[in-house]
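*Asks:* Quick one: sequence and predicted model below, then my questions.
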Amino acid sequence: MRSDPLRAKGPRRPGGLLAVRLRPRRPALVTAVAVLAVLGTLAVLAPLFTSLDPVATDTSATSLPPGSAGHPLGTDLLGRDLWARMLYGARTSLLVGLTAAAITVVLGMLAGGLAAVAPRWLDGLIARTADVLLALPLLVIVLALAAVAGPSLGLVVVAIAVTSWMPVALIVRAELRSRRERRHVRAAYALGLSRWQVMWRHLLPGALPPVASVAAFEVGHAILTESTLSFLGLGVPPNRPSWGNLLTEAQAHLLTGEWYTVAIPAAAVVVTIIAVNVVAGAVSGPSEGGTW
Amino acid sequence: MSPHDAARALTVEGLTVDVPGRRVVHGLDLTVPAGRILALVGPSGSGKTLTARAIAGLQPHGGSVLLDGRPVRRGRDVGYAFQDASASLNPTVTIGRHLAETVRAHRRGDPSAALTRFGLDPALADAYPFELSGGQAQRAALAIATVHEPAVLIADEVTTALDPITQETVLDLVKADARDRTVLLITHDLTVASRWADDIAVLHAGRIVEHGPTARVLTDPRDDLTRALLQAADDTRAPERPAHITGGALTVRNLRRELRARRRRTLALDGIDLDIAPGEAVAIVGRSGSGKSTLLGALAALDRPDGGTVHRDGRDVWAMPGRARRAVRRRTGLIFQNPAASFDPRHTVRQVIAEAGPYTPDLLRYVGLDPAMADRRPAGLSGGESQRVAIARALAQDPDVLLADEPTSGLDVLTQRRVLDLLTGLRRDRGLTIVMVTHDLRAARRAADRVVVLDQGRAVDDLPTGDLDEARHPATRRLLAAVTPHRTPP
Amino acid sequence: MALRLLSRLATAALVAVALSAVCFGLLDAAPGDPAASVLEARSGGRPATPAAIAELRAEMGLNDAPPVRYRRWASHALRGDLGTSSMSGRPVTATLGDTVPWTLLLTAAAMLLSFTAALAVGLVAALARRAWLRRGIDLVLFVMGGMPGFVAALLLLYVFAAATHLMPSGGVSRPGEPVTAYGLLAHLVLPACALAFGHHFGIYVRLVENGVRRVKDAPHVENARVRGLPGRTVVTRHLMRPGLVPFTARLGAGAGTLIAGVYATEVIFSWPGMGREAVAAARAQDYPVLTAIVLSTGLVVIAANLVAELIVAALDPRVRTGLADAL
């Protein structure tokens, strides 16, 4: 280790380095929001940006490279237009990601909030259940579930929500509990404030940023899980384009030179998750970052 | 070596310390002969701690620090005991390991002798820092700082957080240990200096304004600051009584309260009876853990007792509906120990006060703060400023009872005096009832008519402040003995 | 400590039972009638009569109440009988025996890689004084944080195998050649890296970094310095030991996340482990194999959690004495 054992403490930067580093600077946040807005618009208004059917095959135009006439991103082995498939894939992936994350966050906040105010035994039950579920490799169970029930969109959403509410619940519970113990909350009670006033003025405003942050991270996590499941052929049904499905189909091309069929959907997934993470980091304030 | 060997000494010449942007210590000269205790006294921000850190080599500095004429060897010649002992020890390592690693690094010293020297059982070597009480942790930290027999020991505010009896034990041990060591005692408390130091150096804004033997400095102070410090320490004016009384009455009968913390239960209050008349000022004193703060929480109608009753103006607060109890709380100003933590960190000073009642700039002016401070956040306030904001918040409630938990702890003597003056003035002008918890008998004498002594959850003594010196109960005598200055000539 | 350990063991046992119940439930809910498929297999593909099926169902105990069937299934499982694969007809335990060692090898290598790298990068990030170094680490972690494990795997596969042919693209040996130690190592590098440096890697780096940074300016470190201890002792005992507690506390969960990544990784790199087997089984609806893999993965994760718990207890006495929650 290269630190001098008797190193004197140098001047400290006001505000601390951590604040600067974990709070992405404004331009990054603006970029991230813009990227998400563009992706959202493309997905919602997909038919306006392409006239082609994402599942229609065209045997006269298979395996075209990007930039071909009429096919800006080229076509796949079956002659399906990649641009159209990307647009409609964004629809599926973002839809699944957002709904799954929304359900996850609602479930987690309900469970965590309940645990924070519930009697000791119920709190213990919720916390232990969350611990136990966290200890299990949930992707495996989702995998098995998908295999048993057959791939479907609803199953993916439910599977993601049921297996990822725990971090949200634990954070909500920990935030509310630790805040309840703080001196300033006791001071608020001493001023004669009611339980609701204390909750509303002191507990929730403080607990909200970390919860909002974990909620945003859950969106990224949900997109990630969806793409992984679909990539393994166990998520979104293969006849429906999603970024994960596109990657599955393109995987074989990687070794044969058509790397772009993989690179385009992969980049879409990565860019989306990074943008979501930037937004999540911005709302979290100076905290520890990701939770999953 | 002989205690008065003039050749062996710690010599500081032209010491300067800079923090970013400004110079805090301006060319300090100091000589401490071996075997003597020098108290470095001064208010907060006078540069005491920075000087001490510079001597220990923890702070880059200008000028020279010499021991017996040669430069101080860092880590070897100076032992340093920090203000917060338990934070200064590694929580994942036993006391014994702390001692052993220091001994190994310098190839000298005896761990169990060091523990014994500070009155600790050598078996405590197997304990982890967080398993010790505050006094034990401080003594263990002193043992660790001196196990390798450094020529100099720096004790940096080592007793600020301790109650007076524990403080006495710890400083007696430091004095006993000083026979063959130079000791630099950093403190803001002239009473501490007068009792345990051979010499006193008074520091003001990074310069030594007075330096001499303890007896001389105390009897014939030459600097204004020294005189102010002495005056604050010797301030024994009785509190003025209010002209008209508006305060509330508090009655406590057979109050019991258990504290439950991780399977352990302690009886914090064990059958307390107490009557406080409107307009009275009562000090509740006792050692750490005697149940003082718990009693205050019960008086504030904040914590439901496990037995007994709390009456406010003749009404049982736990028999009334919640809405009425909240009204009682609104009429009770509560000033927390370490008040900075009692402000929501997201709020400004203005918001903090406005939550208690309508904010006016006069509130801040009354407690001696600039109203321009209203838009600052609590994190940027000093200890004295936080204390005053807490008082302003309590005043905004327009209370008839004011409860204060250790309002002077952690403040330097001059700030303490200002806070106590504020409290007594409030009572004089507004006729409030004041209940103050403290382990500082001096503060009790200054601000209260009556002292209630708590010991292990029981009220063992209850007497007018004026009769304090004639108190007979052993717990009270012990507290008194611990703060009596021994002004023996060196 | 002993009490705490016992309670942890009890919890682990409870989780294991819950997991096995989930597995049984999955197997039970799987479409298809086991009796019918057995008869079909016996008769060489001819559909069986309803009477014969009913007879066999009674014989196999398929009409018993679920708890009874669960108990029977569990006792068989404990004796190493997890049924036969509906795909290959081989005993499931034989399939597990073929695949599990490969997965264990891969995950062990990935864990070693991931956790030591996180430790090293985290320490550099916490202690480095050069701003550009910390910024660089931040940027890399940021991009990695958005990369699902399988995308990282595809990227590695393309860069090191498809485009440059520096590394073998998959499997454990060259086609047709026996497995050699050197060859195995070469084949292990890419999948182990893909598994180790997924989106979760950044979390461990942050845990190390924040833990150490929080301790860096703590009074006890200053105390260690002022006592003149050797730099090595200050860093290892006073900085890292307390600073790494949050990191080690997450190792168990980290092992779980990492193992969850083997499915995609094994599929992409044709690694003959149980992840690939599970995906194949899931696609072919070979439920006995699938549930057996779910069960064994779960058990491995539970064991990893227990081990992590023990490491934390060894590092932090506050956990041993049950004081950790209070701090």
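*Replies:* Sure thing, it's come through.

*Asks:* Low-confidence regions, the chain specifically.
*Replies:* No chain was given, so I picked chain A. A:1-26, A:132, A:135-139, A:257, A:284-292 (pLDDT under 70).

*Asks:* Please refer instead to chain B.
*Replies:* For chain B, applying pLDDT under 70 flags the ranges B:1-7, B:261-264, B:485-490.

*Asks:* per-domain residue ranges of it.
*Replies:* Following automatic domain parsing, one finds the domains of chain B at B:3-232, B:250-331+B:399-482.

*Asks:* anything in the last one sitting right up against chain A?
*Replies:* In this case it means domain B:250-331+B:399-482. Yes: applying C-beta under 8 Å from any C-beta of the partner chain, one finds domain B:250-331+B:399-482 in contact with chain A at B:300, B:302, B:322, B:326-330. For every residue, glycine as well, the C-beta is placed using N, CA and C.

*Asks:* For the residues you listed, which entry has the maximal number of neighbours?
*Replies:* Counting neighbours by other C-beta atoms under 10 Å in any protein chain shown, B:A300 leads the residues of domain B:250-331+B:399-482 next to chain A with 24 neighbours.

*Asks:* can you pull the contacts of that residue?
*Replies:* A:190, B:329, B:332, B:334, B:403 (C-beta atoms under 8 Å, 6 or more residues apart in numbering or on different chains).

*Asks:* Can you give me the distance of the third one to chain C?
*Replies:* For B:T332, the distance to chain C equals 30 Å [C-beta to the nearest C-beta, to the nearest Å].

*Asks:* where's residue 144, which helix or strand?
*Replies:* Since no chain was named, I'll use chain A. For A:A144, the host element (DSSP states H and E) is helix A:138-149.

*Asks:* not quite, I wanted chain B
*Replies:* helix B:134-146.

*Asks:* Can you name every helix or strand that the helix or strand just after that helix contacts?
*Replies:* Of the helices and strands lying after helix B:134-146 in sequence (DSSP H and E), the nearest is strand B:152-156. Applying 3 or more C-beta pairs under 8 Å, 6 or more residues apart in numbering or on different chains; DSSP states H and E, we find strand B:152-156 packed against helix B:48-56, strand B:78-81, helix B:134-146, helix B:164-177, strand B:182-187.

*Asks:* and the closest residue to A:V236 other than its chain neighbours, what does it touch?
*Replies:* Spatial nearest neighbour of A:V236, excluding adjacent residues (C-beta to C-beta, 6 or more residues apart in numbering or on different chains): A:S242 at 4.3 Å. Applying C-beta under 8 Å, 6+ apart to A:S242 gives the contacts A:89, A:92-93, A:96, A:226-227, A:230, A:235-236.

*Asks:* just curious, which of these is nearest to chain C?
*Replies:* Nearest to chain C among the contacts of A:S242 is A:S227, at 5.8 Å by C-beta to the nearest C-beta.

*Asks:* State the distance from the closest one to C:H200.
*Replies:* To C:H200, A:S227 is 15 Å away according to C-beta to C-beta, to the nearest Å.

*Asks:* again, but for B:Q136
*Replies:* Per C-beta to C-beta, B:Q136 is found 43 Å from C:H200.

*Asks:* close enough to count as contact, C:V312 and C:T248?
*Replies:* Yes: C:V312 is within contact range of C:T248, at 5.0 Å (criterion: C-beta atoms under 8 Å).
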